[in-house]
Structure formats: C-alpha cells, structure tokens
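Chemist: give me a 3D structure for the following:
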Amino acid sequence: MSFFQNIISSIMSGTLKNNLFGGEDFGVLHKDINKALESVMTSSGEVSSLVYAEHLLTLIEQLNDDDLVIFLKKLAENYDIDPSALSEASKEYAADKTQANLEKVSTASEPDWVELFRRLNTTPNGTVRLVRLRERIRGLVKDNAEIAFFNSSLLSLFKSWFNPSFLVLEKIDWSTPANILEKIIEYEAVHEINSWDELRSRLAPSDRRCFAFFHPNT
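Modeler: Now for the predicted structure:
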C-alpha cells in the first residue's frame, strides 16, 4: 500500500501527471464534488481511479454536516437502482433461470453508489476513512432518516471486508501499542478490566496468551 501512497502523493503534487497521463487533460481534480464524483464513477484506469477516489474522499471529509447530507441525497438520487433494468432482468431470469440471467438480476439490484464505496475503499487508509464516514452518517440519521440506508449498506460492506479470511491474527502482549491496549480495557465484555495494572496482570505473565484479528488496512 505504501507503493500506491507514494504514487498518489506524486500525482497529486503534479510531478507525475504529465508523464503518466500525457498532459493536462488527465484529469482535472475538480473542486466541485459532483464533478469529482463523476470522475470516480467513470474512470477505468487503475492509477487514475485511485487518484480520483482519493481526491473525492478528501472532499467528502471536508463537507460540513448539512452539505454531507445534501451530497448523500444526491448520490442516492443519481446512482440508485434502475427499476426498469431490474424488472427486465427479473423477467429474463423468471423465463430462463441461467447463471448469466441471475448475475444480471444481482447487478441490477445493487445501487451504483455501492460501487463508489468500493472504489473509495481502495485508497490509502480508505477502510479507516469509510469507518469514520459511517460514524458521521450514524450521527446524522436521527434527523435525516432518508440517508439511513447508507449506514446499513456500509455496515454490510464492512462485514464482507472484515471477513476473518481477510484478517491477520497477531499476538497481544504488554508491548502492544497503548492505543490497542486501551481498546481492550474499553471493550472487554466478559471480565471487566478496571485499570492498567489489571490489564498487565492478564497480559504480562509468560503463561498467558492473547491474540486479536487486525485488518491489513487499519
């Protein structure tokens, strides 16, 4: 991931733009968030997609709460499921239950904005940043029920991205970074931990073993 981070940093600063993309036409990194969104959704190149997605995610993070709600509403409106395409795909599958027709139904039943979140997730620290975005959305849902499905859809994506097969098992001991140990104290649900001394008594002895799953992008 650090390789891509270096590439993106170079492109964003302009040092590789002309060499890689043949001139100033690549890519205008639009300040208008809706144009930046369109760039992400229409880009097909691997590196250009990363650059556009990184830029858009930064713009989204800079929105205040009101503007974030407006952006999400427009996102849902412009990149929603196409009912006609879904209806037609369903009819084709009902008439001929082939794998190809089933895939058409699956594709047509997913809003295009789900693909946006997948693309944003490919950026450096994209997963962590999307987790933070979901935290903001959860805080806004109470007064903006119409964006609640973004919360549930992101949760569904996280469940697939955090599948144990994608996680790394690492040992936890007293040398583990303090921010992780703090989470153990905070979230221990079976045997409450009331102090650092209590935590040390559980982790420091040589006959104790503690392990945790970590996502590679966190």
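Chemist: what's the burial count for residue 137?
Modeler: 22 (other Cβ atoms under 10 Å). In short, each C-beta sits where N, CA and C put it, glycine included.
Chemist: I should have written residue 133 there, sorry.
Modeler: 19.
Chemist: the helices in the protein, which residues?
Modeler: For the chain, the helices defined by DSSP state H cover 2-13, 17-21, 33-42, 46-62, 65-78, 83-95, 99-108, 112-121, 126-141, 148-161, 178-187, 196-203.
Chemist: of those helices, flag the one that's most buried.
Modeler: Among these, helix 46-62 has the highest mean neighbour count (mean count of other Cβ atoms under 10 Å), at a mean of 19.
Chemist: so residue 211 touches residue 170, yeah?
Modeler: Yes: Residue 211 is in contact with residue 170 according to Cβ atoms under 8 Å; the separation is 6.8 Å.
Chemist: between these two, which one's more packed in?
Modeler: Under the neighbour definition other Cβ under 10 Å, residue 211 and residue 170 were set side by side, and residue 170 has more, 12 against 9.
Chemist: which residues does the more buried one bridge with?
Modeler: For residue 170, the beta-bridge partners under DSSP bridges are residue 212.
Chemist: ok, it - contacts?
Modeler: With contact set as Cβ atoms under 8 Å, 6 or more residues apart in numbering, residue 170 has these partners: 211-214.
Chemist: and if we set it to 10 Å?
Modeler: Contact criterion Cβ atoms under 10 Å, 6 or more residues apart in numbering gives 176, 180, 211-214 as the residues in contact with residue 170.
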